[in-house]
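Q: What follows is a predicted protein model with its sequence.
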Amino acid sequence: MRRFFSFPNPVNDAAARSVALGVVAMSVVAFVTGWAWILIPLTYGFAARVAAGPKISPLGWFAVHVSAPRLGSWEKSVPGPPKRFAQAMGLTFATATLVTWLTAGWLDARWILLPLIFAASLEGFLGFCSGCTVFGWLIRAGVIPESVCAECGDLTARYRRAGYNV
């Protein structure tokens, strides 16, 4: 059971960016069309990825098994713990949007999607993970023990090793 509820470490950056682009697509469609029901699979996907990585997330499974292998020359590995934290941040925004929709209506709820769309766009299009950045700050502040991810405290070194100019 413990193995099932685990998160991959390291994570294929192409898969992480593919998931982010899927989140952008779902969120933008919901925002523009008013199809609030999209929040249900969106929120489930975040919860599934936080709980068990891509195993029970349709979007995560697609990213790992379909889109990322087709981007093989683009394969870079990044640490898993900050990616799981980023998924938890996404879960927070998706859940807040879903609960607001159910209690106050779509006109109020849809605006909560904007930070999620922004953060997922940064990850998907530019490879900049906002959740990973916050995770690194929390390690440096001592909120998260450095033993959780030793290489996460120095984000610039991690991004340089992954091939990004920082």
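A: Structure's in. What do you need?

Q: Okay, residue 127 and residue 33: tell me how far apart.
A: Plainly put, residue 127 is 28 Å away from residue 33 if you go by Cβ to Cβ, to the nearest Å. (Each C-beta comes from the backbone N, C-alpha and C, glycine too.)

Q: Of the two, give the one with the bigger neighbour count.
A: residue 127 (19 against 9; other Cβ atoms under 10 Å).

Q: For the spatially closest residue to residue 144 that is not a sequence neighbour, pull up the helix or strand it's in.
A: In space, and not counting its chain neighbours, residue 144 is closest to residue 138: 4.5 Å by Cβ to Cβ, 6 or more residues apart in numbering. In this structure, residue 138 sits in helix 130-140 according to DSSP states H and E.

Q: Same check on residue 60?
A: Short version, using DSSP H and E: residue 60 is in helix 58-62.

Q: Check which helices and strands that helix is in contact with.
A: Applying 3 or more Cβ pairs under 8 Å, 6 or more residues apart in numbering; DSSP states H and E, we find helix 58-62 packed against helix 13-33, helix 39-52.

Q: Okay, buried residues for that helix please.
A: By 16 or more other Cβ atoms under 10 Å, the buried positions in helix 58-62 come out as 59-62.

Q: top helix in this protein by residue count?
A: What stands out as the longest helix in the chain, according to DSSP state H, is helix 80-104.

Q: returning to what we had before: got the angle between the helix holding residue 138 and helix 80-104?
A: 120 degrees (axes from the mean of the first three to the mean of the last three Cα atoms, to 10 degrees).

Q: Please list the residues outside helix 130-140 that contact it.
A: 78-79, 81-83, 85-90, 119, 122-123, 144-146, 148-149, 152-155 (Cβ atoms under 8 Å, 6 or more residues apart in numbering).

Q: And stretch 66-80, by the same measure?
A: 7-16, 18, 129, 132, 149, 151-152, 158, 162-163.

Q: Counting neighbours, which of these end up buried?
A: Using 16+ other Cβ under 10 Å, the buried ones in those are 7-8, 11-16, 18, 129, 132, 149, 151-152, 158.

Q: Give me the nearest residue to residue 13, chain neighbours excluded.
A: residue 76 (4.2 Å).
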